[in-house]
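Student: Predicted model follows, preceded by the sequence.
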Amino acid sequence: MAKQAPLSDAALEHVARRFAVLAEPMRLRLLQALFAGEMNVNALVAQTGGTQANISRHLQTLTQAHILSRRKEGLQVFYTISDPSIFKLCELVCGSLEKQFAKHADSFAR
């Protein structure tokens, strides 16, 4: 693996803001729901169990962070993941956690 040059302070601030946006369980639930493809707000409310006001607030945060994009069709608003790196990031983090959990489960089984 090639060594990466250190990031500037400004770049580190940007990375920290990105992780802060993702450090909310409901936002992760919304992303997980959107892995299947574009969904409208009502479908996201039904799938995540949140209130429409709460879901809308989180969708706005994810959209402002350029993680999601939105489009209007009549009175409905549809959301989709616009940053393809989110798929890889979630796969990396979830895969790592899955391995850690399996390792801990094995140590308890002995």
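Tutor: Perfect, thanks for sending it. Residues are numbered from 1 along each chain as shown.

Student: From the chain's centre, how far out is the strand or helix carrying residue 19? Work that out for me.
Tutor: Using DSSP states H and E, residue 19 sits within helix 9-22. With Cα atoms, centre = their mean, to the nearest Å as the basis, helix 9-22 stands 14 Å off its chain's centre.

Student: Going toward the C-terminus from that helix, what's the next helix or strand?
Tutor: helix 25-34.

Student: by contact count, what packs against whichever helix or strand comes after that next one?
Tutor: Scanning forward in sequence from helix 25-34 by DSSP H and E, the next helix or strand is strand 39-40. Contacting strand 39-40 under the criterion 3 or more Cβ pairs under 8 Å, 6 or more residues apart in numbering; DSSP states H and E are the following elements: strand 76-81. In short, each C-beta sits where N, CA and C put it, glycine included.

Student: so the strand it packs on versus helix 25-34, what angle?
Tutor: If you take axes from the mean of the first three to the mean of the last three Cα atoms, to 10 degrees, strand 76-81 sits at 90 degrees to helix 25-34.

Student: Quick one: list the elements packing against strand 76-81.
Tutor: Against strand 76-81 (3+ Cβ pairs under 8 Å, 6+ apart) you get helix 25-34, strand 39-40, helix 41-48, helix 52-64, strand 68-73.

Student: and residue 73, bridged to which residues?
Tutor: residue 76 (DSSP bridges).

Student: Number of residues surrounding it?
Tutor: By other Cβ atoms under 10 Å, 8 other residues sit near residue 73.
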